[in-house]
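Enquirer: Could you work out the structure for the sequence below:
(one chain, ligands or ions: 1)
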Amino acid sequence: MKNVLVIGSTGQIGSELTMKLRSLYSGNIVAGYIPGAKPTGELLESGPSAIVDITNEQQIAEAVSRYNIDTIYNLAALLSAVAEAKPQLAWKIGMDGLFNVLEVAREMNCAVFTPSSIGVFGDNTPKDNTPQDALRSPRTMYGVTKVSGELLSDYYFIRFGVDTRSVRFPGLISYMTHPGGGTTDYAVDIYYSAVRKKTFECPLAAGTFMDMMYMPDAVRAAIEIMEADSSKFAHRNAFNVTAMSFDPEIIYANIKKYKPDFKMVYKVDPLRQAIADSWPNSMDDSCAREEWGWKPEYDLDRMTQDMLEKLPERIL
Ligand code: SER
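Expert: Purely as a prediction, here's the structure:
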């Protein structure tokens with residue numbers, strides 16, 4: 001039995017991860033949410049939920065105590081473009097919030113998963129096949145909080161023995177939740193345009209390559225790393241993981257295979273373009289593969305087929 005608290009359970013990753021955890025474990029899988037983002041439908045009905053604002057340490061501690069929590073999935077965050085618009089709030093959620101989670105985990109003996117991101121890398125990192133232990137010097141608030149979060153999580157493991165684990169997610173693509181201000185979200189929006197038979201205005205230029213992953217693989221990565229035998233770990237916070245790398249032209253051509261009338265035009269957003277240009281074209285995830293057996297199941301074509309089949313049921 002496992003008792004898990006998911007902080008940010010109604011967000012991009014949380015809404016799918018919480019349901020998957022409930023299908024796997026028989027214990028309390030608690031959907032933590034902030035007022036205004038209350039779970040609805042199946043997420044609300046299939047298990048317990050609690051108001052857990054990550055900036056409120058007391059609320060986290062109360063949920064952990066009430067439900068006898070042993071693992072916390074800390075998914076509260078602002079994505080990159082939103083974090084640039086609200087850097088102070090991004091720090092408060094990403095860093096003060098993480099500190100609260102780690103303190104509760106230290107005192108109440110919980111394991112902690114906090115996603116990191118391709119956003120930890122910056123202009124001076126090798127762009128192709130970016131190594132696990134490459135230089136991390138981002139110039140975005142999103143990246144700054146993710147690097148600091150990796151360091152703080154490792155510190156809590158080394159200093160206090162808190163079982164912290166993490167992966168550097170690439171852009172995540174899903175038909176369940178609508179994108180919320182990430183630089184990689186164009187690769188979700190493009191499917192919405194294709195399904196709605198609208199011309200897609202691409203905010204990134206042709207030739208902008210980034211790593212991507214379909215949500216079922218991302219959810220599996222988050223669960224598998226927490227279940228992994230940590231005696232094989234040479235790393236913890238955080239492992240590079242990826243499933244595919246493409247630019248707007250490649251995903252457009254792939255969708256056109258199934259929707260020949262689909263049209264895309266470029267309308268580049270300078271903020272998102274600058275962020276995307278500072279991130280890897282493709283990451284080397286061999287450490288995750290070797291240390292805990294990471295292996296993606298979805299490539300671009302399989303993802304496109306699934307998105308074009310499932311998205312219409314949700315939005316049309
Ligand atoms: N999907 C994130 C973003 O674009 C990157 O981790 O902000």
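
Enquirer: I'd like the distance between the closest residue in space to Pro115 that isn't next to it in sequence and Arg196.
Expert: Nearest residue to Pro115 in three dimensions, chain neighbours excluded: Phe169, at 5.3 Å (Cβ to Cβ, 6 or more residues apart in numbering). Where C-beta positions appear, they are placed from N, C-alpha and C, glycine not excepted. Remark: distance between Phe169 and Arg196 (Cβ to Cβ, to the nearest Å) = 27 Å.

Enquirer: Mind checking which of those two has more residues around it?
Expert: With neighbours defined as other Cβ atoms under 10 Å, Phe169 and Arg196 compare such that Phe169 has more, 26 against 12.

Enquirer: before we move on, the earlier item: what score does the residue nearest to Pro115 have for pLDDT?
Expert: Per-residue pLDDT puts Phe169 at 98.

Enquirer: Now the stretch 101-250 of the chain against the ligand: closest residue?
Expert: Gly182 (2.8 Å; Cβ to the nearest ligand atom).

Enquirer: Now Thr140, what are its backbone angles?
Expert: Dihedral angles phi and psi of Thr140 (degrees, to the nearest 10) take the values phi -110, psi 150.

Enquirer: ok, now how distant is it from Asp277?
Expert: 11 Å.

Enquirer: These two: which has the busier surroundings?
Expert: Legend: neighbour count by other Cβ under 10 Å for Thr140 and Asp277, higher for Thr140 (23 against 15).

Enquirer: my guess is that one contacts Gly119, does it?
Expert: Yes - the criterion here is Cβ atoms under 8 Å, and Thr140 meets it with Gly119 at 6.3 Å.

Enquirer: Tell me who's in contact with the closest residue in space to the residue of the stretch 101-250 of the chain closest to the ligand that isn't next to it in sequence.
Expert: Distances taken as Cβ to Cβ, 6+ apart place Leu79 nearest to Gly182, at 3.7 Å, with adjacent residues excluded. Contact partners of Leu79, counting by Cβ atoms under 8 Å, 6 or more residues apart in numbering, are 12, 142, 180-183, 185.

Enquirer: would you turn those into CSV with neighbour count?
Expert: Listed next are these as CSV, based on neighbours: other Cβ atoms under 10 Å:
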residue, neighbour count
Gln12, 26
Tyr142, 26
Gly180, 14
Gly181, 17
Gly182, 24
Thr183, 30
Asp185, 21
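
Enquirer: Nearest to Met283 among the residues you listed?
Expert: Thr183 (15.2 Å; Cβ to Cβ).

Enquirer: residues contacting that closest one?
Expert: 79-81, 171, 204, 210, 272, 275-276, 279.

Enquirer: ok, back up a step: which residues are in contact with both of Thr140 and Gly119?
Expert: Common contact partners of Thr140 and Gly119 (Cβ under 8 Å, 6+ apart): 80, 275.
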